[in-house]
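Asks: Give the three-dimensional model of this entry:
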Amino acid sequence: MTDPSPGLRERKKQAARLALAQAALRLALERGADQLRVEDIANEVGVSPRTFNNYFSSKEEAVCSFIVEQQQRVREALLARPAREPLWEAVINASVERQETEGAPRREDVWRLREMMHHAGLFGEMLRSHAKVELVLAEAIAERAGEGANPLHARMMAGIVQTASRIAFHTWLTSDSDRGYLTAFVELLREARAGMPALTAAAADATPAEAS
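Replies: This is a model prediction of the structure:
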């Protein structure tokens, strides 16, 4: 029997990586980060710890890889948007499309998510993951903008989108309000697209404190 084609092999690798990532996040939410072991993740998928190490360098990387995987799907959605759609609208609509498809985290997982945010290893890995996805989105924005796009502008836009996502998620996570993560995320993106008029107006109206 011949070896699978390069394309098939790559798809199998991506499927294995995704399965490990999903298992890692699920187990972390069920048990807590401190109780999670590489062996648990590998057993959940039916592979050896050695196979796990072919895909991830640590359990923290596996748990946080959903951030990168999600942004890859945003990239695909952005590049599939209609060519005549303005760039900011395309970025917003692609981000919203993926969020609506995947949904926000369940409310019953909130306390575990809060715990994970205070786990030093996971928090550090989350920051690294966000840095990775900013580059992924920046490349997609530059490609979508076409020839002559300024890579610095693409990186800045990607940074704005990522910051809006983090702020909306953190606000949702630390609040008991029923206001949805997606609602806050979209509002922040639309404000950013408009140049943050509410923020600049508030700054203009603010009275500087008198020097003592």
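
Asks: Was I right to think A192 contacts I160?
Replies: Yes: under the criterion of C-beta atoms under 8 Å, A192 makes contact with I160 at 4.9 Å. C-beta: built from backbone N, CA, C; applies to glycine.

Asks: Just the CA atoms of the helix or strand where R112 lies, as CSV, please.
Replies: Using DSSP states H and E, the element containing R112 is helix 110-117. This file holds the C-alpha atoms of helix 110-117, laid out as CSV (Å, rounded to 0.1, in the frame of the first residue of the first chain):
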residue,chain,number,x,y,z
VAL,A,110,-17.0,30.5,33.9
TRP,A,111,-15.4,29.7,37.3
ARG,A,112,-13.0,27.3,35.7
LEU,A,113,-12.1,29.9,33.1
ARG,A,114,-11.5,32.4,35.8
GLU,A,115,-9.2,29.9,37.5
MET,A,116,-7.4,29.3,34.3
MET,A,117,-6.8,33.1,33.9
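
Asks: list the buried ones in it?
Replies: Buried residues in helix 110-117, counted by 16 or more other C-beta atoms under 10 Å: R112, L113, M116.

Asks: and if you look at stretch 49-68?
Replies: Result for stretch 49-68 [16+ other C-beta under 10 Å]: buried residues 52, 55-56, 59-68.

Asks: Relative to A184, which of the residues you listed is nearest.
Replies: Checking those against A184 with C-beta to C-beta, the nearest one is I67 at 17.8 Å.

Asks: Can you pick out the most distant pair from the buried residues of stretch 49-68?
Replies: F52 and I67 (18.6 Å).

Asks: Could you look up the next helix or strand downstream of the helix holding R112?
Replies: Assignment by DSSP H and E places the next element after helix 110-117 at helix 120-145.

Asks: Which helix or strand lies directly C-terminal to that following helix?
Replies: Next along the chain after helix 120-145, taking DSSP H and E as the criterion, comes helix 151-174.
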